[in-house]
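# Give me coordinates for this.
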Amino acid sequence: NWHCDKHKIQKLNEYCIGFSRDGFHYSRPDHVPFMESVQEEEAWNWGNMQPAIGNPCIVGDSLYFWCGGHKRNDIYWDGWTSTGLATLRRDGFVSMEDGGDGGVLVTRPVIFDGKHLFVNASAGCLTVEVLDIDGKVLRKSSRMEDFDSTRKIVRWKGHSSLSSLAGRPVRLRFTMSDGQLYSFWVSPTDRGESSGYLAADLAIRL
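Just a heads-up that it's a prediction; the model follows:
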């Protein structure tokens, strides 16, 4: 801090991201800033950026990230505090994209206990197939065209749900054109609850 005080500058704290699959063990694959400071004299977030809360707030189909920042000034190095807000698509941290020429994604074997497959995606066309471990097609979805949704239910040809496949290892094959696939999950109901967790509270996708 005394270096900052001497040169009348802010500490160079930036907003980075870690993740957890179980709420107990956390990983930070890199230190690339998610929200970085702006090294310009009039920027509100020249330095010392601090997350206002540990997790983003879920607001509809968006994630809200509140963050404090400090403007560089000659009065007091830790003064001129402001609060900023950044928004992101829900589950929008990363996506698989087809590059505009169409693409196919096959998952590793997964086991689920729900009934209805949902996708968070934006695509000109998307179809999904459920495969057994040997690659045999067990289910084929209807074509989903020109949509952008964080909670799109997948409808199956000749079947109302995936309930008969629950508890057995399968692969999902996504065939997509002109789009991005952000996430997928199998829900116990057609409302799309993910049964995931946000911090210590149950987060239900409604």
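
# Helix, strand, or coil at the most centrally placed residue in the chain?
Geometric centre of the chain, nearest residue: D91, 2.3 Å, by CA atoms, centre = their mean. Under DSSP: H, G, I helix; E, B strand; the rest coil, D91 falls in the coil class.

# who's in contact with it?
N120, T150, Y182, S183 (CB atoms under 8 Å, 6 or more residues apart in numbering). Using the backbone N, CA and C atoms, a C-beta is placed for each residue, glycine as well.

# In those, find the pair that's most separated.
T150 and S183 (8.5 Å; CB to CB).

# Mind listing the shared neighbours of these two?
D91, N120.

# Tell me the most packed of the contacts of D91, by neighbour count.
N120 (24 neighbours; other CB atoms under 10 Å).

# mind checking the backbone torsions on it?
Main-chain torsions, N120, degrees, to the nearest 10: phi -110, psi 110.

# As a check, name the ranges of all helices in the chain.
2-7 (DSSP state H).

# Strands of that one, start to end?
With DSSP state E applied, the chain shows strands at 19-20, 26-27, 47-51, 57-59, 62-70, 81-89, 96-97, 103-106, 116-131, 137-140, 144-153, 171-187, 196-198, 201-203, listed in chain order.

# Check the burial of the closest residue to P109 other than its chain neighbours by counting its neighbours.
Distances taken as CB to CB, 6 or more residues apart in numbering place P169 nearest to P109, at 4.2 Å, with adjacent residues excluded. The number of residues packed near P169 is 12, by other CB under 10 Å.

# Would you confirm that P169 contacts R108?
No - look at P169 against R108 with CB atoms under 8 Å: they stay out of range, at 9.4 Å.

# quick revisit: how much space between the residue nearest to the centre of the chain and L117?
15 Å (CB to CB, to the nearest Å).

# Check the burial of K11 by counting its neighbours.
For K11, using other CB under 10 Å, the count is 15.

# for H31, that is, sorry about that
If you count neighbours by other CB under 10 Å, H31 ends up with 8.

# Pull the contacting residues for it.
By CB under 8 Å, 6+ apart, the neighbours of H31 are C16.

# distance of it from N13?
In terms of CB to CB, H31 sits 12 Å off from N13.

# Please apply the same query to M176.
M176 is 38 Å from N13, by CB to CB.

# circling back to that earlier point, which one of the contacts of D91 is nearest to F19?
The nearest one, if we look at the contacts of D91 relative to F19 and count by CB to CB, is S183, at 12.8 Å.
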